[in-house]
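S.K.: one predicted model, sequence on top.
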Amino acid sequence: MNASLKVLPRQLYGAHQDRIELQTRECLQFIDLTEPVDSIVRASGIRHGLVNIQSLHTTTGVVVNEHEPLLLHDLQRALERAAPRHRKYKHDDFAIRTVNMTDDERPNGHAHCKALFVPTSVALNVASGRMQLGRWQRIFLLELDRARRRTVSVLVFGL
């Protein structure tokens, strides 16, 4: 065993979990979560570790990118080209679909297909109690479906 390797006592590690609840307005909306996530990181007391930001929905994503309106428009157009809303999706054919149905089910195959291209979570480094983001980087929840109540889980863990 390497003599310089120290194993820290387990009680020095910590974790803090919180949730962000929000209402989206429309399909392909980018919601900037940077400030609420930063508040959670600061409140956690974790000085060095990771923060994981995870959507709890199959038709939203979490991404890190630049908050520049023309870029966000370009990203929306790219996702719409990848899975257009006006196309037919088997997921939306309620005459043949038999699983994962709700009483208020609405066609959203396009949103699930868009989700294929967007991660459901991102992990960021935390150093000296602060998220490590680059100059233009922001954390976004991306709504891929329609206006809905959404929940994002935030887990901060480390020392």
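M.R.: Alright, I've got the coordinates.
S.K.: does Leu79 lie in a helix or a strand, and which?
M.R.: If you go by DSSP states H and E, Leu79 is part of helix 69-82.
S.K.: what's the end-to-end length of stretch 132-145?
M.R.: One end of stretch 132-145 sits 30 Å from the other (CA to CA, to the nearest Å).
S.K.: what's the host helix or strand of Ala111 in contact with?
M.R.: With elements taken from DSSP H and E, the one containing Ala111 is helix 109-115. Judged by CB atoms under 8 Å, 6 or more residues apart in numbering, the contacts made with helix 109-115 from elsewhere in the structure are 27, 58-61, 79, 82-85, 87, 89-92, 144-146. C-beta here means a position set from N, CA and C on the backbone, and glycine is covered the same way.
S.K.: average pLDDT for it?
M.R.: Model confidence over helix 109-115 averages 98 on the pLDDT scale.
S.K.: ok, Lys114 to Ala82 distance?
M.R.: 6 Å (CB to CB, to the nearest Å).
S.K.: need the strands for the protein, in chain order.
M.R.: Under the criterion DSSP state E, the chain contains strands at 14-23, 29-32, 49-55, 60-66, 121-127, 130-131, 137-143, 149-158.
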